[in-house]
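Colleague: Predicted coordinates and the sequence they were generated for:
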Amino acid sequence: MLLRASGQRENRDFNLNAVNEADSDPGVDHAGHLRRLTEAAIGGRWRDLAAVRDEAAAAMGEQAMVDALTVAAGFNGITRVADATGIPLDPTTHQATGSLRVETGIDAFDYAAKSTRYDRQQTHEATMSIIGIEEIFLDVQDLARAVDFYEGVVGLPVVMRNDERAYLQCERSHVVLQVKGHGGRHRGGGPMHFSFTVAEDVFDEVAQRAAKANIFTRGPMGERGKGRALFMLDPDGNEAEVNTRYLYGVPKR
């Protein structure tokens with residue numbers, strides 16, 4: 001948020017996606033040195049830090065190097081406090097950072113669930129705990145015709161395809177086109193199959209609620225920290241899934 005405000009004041013356009021994309025150029029002076037300083041200090045790579053400090057000081061000046069490490073250490077401390085306690089965003093900050101959080105994907109991190117739980121405890125109001133739609137399966141009569149529409153018109157790239165289905169990738173979700181009457185995945189999943197991305201802690205909460213409700217489930221499957229899935233049938237027979245795999249990058253097909 002501070003970087004965006006600084007860019008607006010100086011009439012400069014900074015690439016905020018570089019926060020999570022190491023190969024992206026943020027448009028910040030000495031960005032490479034700043035990134036290496038931060039990663040060495042926050043990552044505890046003490047053997048590397050001395051050399052990284054010397055390189056940065058030679059390029060940007062000793063005072064700027066010290067200032068950068070001070071800011072990185074300060075923000076790391078603030079983050080650790082918020083991460084541990086689940087401090088919620090105040091309404092003004094929540095509104096002001098909406099587009100920033102979408103661009104950088106910050107809300108996909110596991111600590112977002114802690115803030116959600118804290119908010120519920122403080123306000124006793126329901127808050128959003130689902131990060132987004134993770135997967136939708138669509139039955140199609142003609143796979144080639146459906147691919148032509150979703151790839152050629154909508155613009156979703158096909159990342160995997162066989163005779164029965166095609167996977168089309170979004171940034172943090174995907175659509176599966178599956179021939180009606182197929183014999184493969186989710187065959188017993190009711191009229192429709194879809195999945196939601198959730199944080200790891202929220203996944204545990206959903207699994208506990210599903211067990212108490214005594215509804216039909218498959219899973220949990222997978223491993224915490226790598227990606228887990230839980231399948232449930234809703235009252236109309238649709239197969240609803242909660243999944244954590246997109247927390248760890250785009251799955252390989």
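Modeller: Structure received.
Colleague: now the helices for the stretch 51-200 of the chain?
Modeller: 62-85, 91-96, 98-104, 111-123, 143-147, 200-213 (DSSP state H, counting those that start in this stretch).
Colleague: Of the ones you listed, which shows the lowest average pLDDT?
Modeller: Mean pLDDT is lowest for helix 111-123 among the helices of the stretch 51-200 of the chain, at a mean of 46.
Colleague: what about Glu241, which SS state?
Modeller: Using DSSP: H, G, I helix; E, B strand; the rest coil, the structure places Glu241 in strand.
Colleague: Am I right that it is in contact with Leu233?
Modeller: No. Using CB atoms under 8 Å, Glu241 is not in contact with Leu233, being 10.5 Å away. All C-beta spots, glycine's among them, are computed from the backbone N, C-alpha and C.
Colleague: In terms of neighbours, single out the busier of the two.
Modeller: Higher neighbour count among Glu241 and Leu233: Glu241, with 21 against 16, using other CB atoms under 10 Å.
Colleague: Run a quick neighbour tally on Ala57.
Modeller: Applying other CB under 10 Å, I find that Ala57 has 16 neighbouring residues.
Colleague: and if you look at Glu239?
Modeller: With other CB under 10 Å as criterion, Glu239 counts 20.
Colleague: And it, how far from Pro191?
Modeller: Distance of Glu239 to Pro191, computed by CB to CB, to the nearest Å: 9 Å.
Colleague: Ala68 now?
Modeller: In this view, Ala68 and Pro191 are 55 Å apart by CB to CB.
Colleague: Kindly report the same for Gly44.
Modeller: On the measure of CB to CB, Gly44 and Pro191 end up 51 Å apart.
Colleague: Secondary structure element holding the nearest residue to Arg45 once chain neighbours are set aside?
Modeller: Setting aside the residues directly before and after it, Arg45 is nearest to Glu39 in space (CB to CB, 6 or more residues apart in numbering), at 7.3 Å. In the assignment (DSSP states H and E), Glu39 maps to helix 31-42.
Colleague: quick one: contacts of that helix?
Modeller: Contact partners of helix 31-42, identified using CB atoms under 8 Å, 6 or more residues apart in numbering, comprise 18, 22, 25, 28, 45-46, 48-49, 52-53, 55-56, 59-60, 65, 68-69, 72-73, 76.
Colleague: Grab the longest strand from this protein for me.
Modeller: If you go by DSSP state E, the chain has its longest strand at strand 130-140.
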